[in-house]
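this is the structure alone, sequence omitted:
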């Protein structure tokens with residue numbers, strides 16, 4: 001998962017030109033997602049795992065715009 005995450009962050013940085021702050025936030029929330037929903041591969045990501053994470057984010061006080 002780390003390799004895929006890093007590839008995605010690199011894509012955001014190089015191809016999409018995202019800011020360092022955005023890259024830091026994406027990295028943080030992707031790491032948190034992987035930890036909270038306890039997945040080992042992308043094939044384990046389902047609508048339910050995403051919804052569970054959104055519920056968790058909401059309970060942490062993370063605003064909907066940030067969740068999106």
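Noted; the coordinates are in hand. Since this is a predicted model, take the numbers as computed values, not measurements. Numbering: from 1, shown residues only.

what residues sit buried inside the longest helix seen in the chain?
Secondary structure of the chain per DSSP state H: the longest helix is helix 20-37. Neighbour counts over helix 20-37 (16 or more other CB atoms under 10 Å) mark 26, 29-30, 33-34, 36-37 as buried. Glycine gets a C-beta too; all of them are placed from N, C-alpha and C.

can you get me the start-to-end distance on stretch 37-50?
8 Å (CA to CA, to the nearest Å).

chain center to that stretch, what's the gap?
11 Å (CA atoms, centre = their mean, to the nearest Å).

what lies in contact with the longest helix of the chain?
1, 5, 8-9, 12-13, 18, 44-45, 49, 52-53, 56, 66 (CB atoms under 8 Å, 6 or more residues apart in numbering).

in the chain, which residue is most central in space?
Centroid check for the chain by CA atoms, centre = their mean gives residue 30 as the closest residue, at 2.7 Å.

returning to what we had before: and which of the buried residues of helix 20-37 is nearest residue 60?
Set against residue 60, the nearest of the buried residues of helix 20-37 by CB to CB is residue 36 (10.0 Å).
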